[in-house]
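> Next comes the sequence, and after it the predicted model I'd like to discuss.
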Amino acid sequence: MNGKVVSCGTVLLDPAGRVLLAHATGTNHWDIPKGHGEPGETEAESAVREMVEETGIALDSSRLKDLGRYVYRRDKDLHLFAARALANELDLSHCVCTSWFPRREDGVMIPEMDAWRWIAPDEVGQFASRSLTRLFETTLSLVLLHRTL
């Protein structure tokens, strides 16, 4: 192990090849549902749990395609999975975040994610963090993933 934190997440694509991004509350960036594993969890279990906590979408792990581990930042790697959204998962008005944390300024509990949207591959850079945008632009092509998923 290289000492880096590993965050597990899911790249969920709709039938048109758009990726699901969630808005991180209190920030100006959007991200894929992802997070750190809990003791005893496999990477796939962590990715499934994070998806449920951050969106309310419950994916069966059998739907996940293991994309492997990616260098993300100096201090963090991502272990990513991909899945194709089903018809009943496309309406993001049903999304809900059950993962809450205390807001830095006043300690008030707020949801980790507060909005969700489908983003076309060529729009990711307008929404996502630099690290996620770089990953999708250089290492993990959403267009190619859409063709092979």
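Yes, it's here.
> Now do residue 77 against residue 143, distance only.
The gap separating residue 77 from residue 143 is 23 Å, by Cβ to Cβ, to the nearest Å. Just so you know, the C-beta spots here come from the backbone N, C-alpha and C atoms, and that holds for glycine as well.
> who has more neighbours, these two?
residue 77 (16 against 11; other Cβ atoms under 10 Å).
> what pairs with that one across the strands?
Note on residue 77: beta-bridge partners by DSSP bridges are residue 6, residue 71.
> Could I get the contacting residues of it?
Under the criterion of Cβ atoms under 8 Å, 6 or more residues apart in numbering, the neighbours of residue 77 are 2, 4, 5, 6, 7, 69, 70, 71.
> Can you read off the pLDDT for it?
We note a pLDDT of 94 for residue 77 in this prediction.
> do residue 2 as well
56.
> before we move on, back to that, quick one, which of the contacts of residue 77 are buried?
Neighbour-count burial (16 or more other Cβ atoms under 10 Å) is assigned, among the contacts of residue 77, to 6, 7.
> State the pair within the contacts of residue 77 that is farthest apart.
Using Cβ to Cβ, the contacts of residue 77 span at most 14.1 Å, a distance reached by 2 and 7.
> This structure: helices as residue ranges?
Taking DSSP state H as the criterion, the chain carries its helices at 43-55, 124-127, 130-138, 142-148.
> Let's have the contacts of residue 77 in a markdown table, adding distance to residue 122.
Converted to a markdown table, these look like this (distance: Cβ to Cβ, whole Å):
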| residue | distance to residue 122 |
| --- | --- |
| 2 | 33 |
| 4 | 30 |
| 5 | 30 |
| 6 | 29 |
| 7 | 25 |
| 69 | 26 |
| 70 | 20 |
| 71 | 23 |
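> Need the residues that contact stretch 81-93.
8-15, 20, 43-44, 47, 57, 59, 63-67, 116-118, 145, 149.
> swap in stretch 134-149?
Counting by Cβ under 8 Å, 6+ apart, 11, 13, 17, 19, 65, 67, 70-72, 78, 80, 82-84, 121, 124-125, 128 sit against stretch 134-149.
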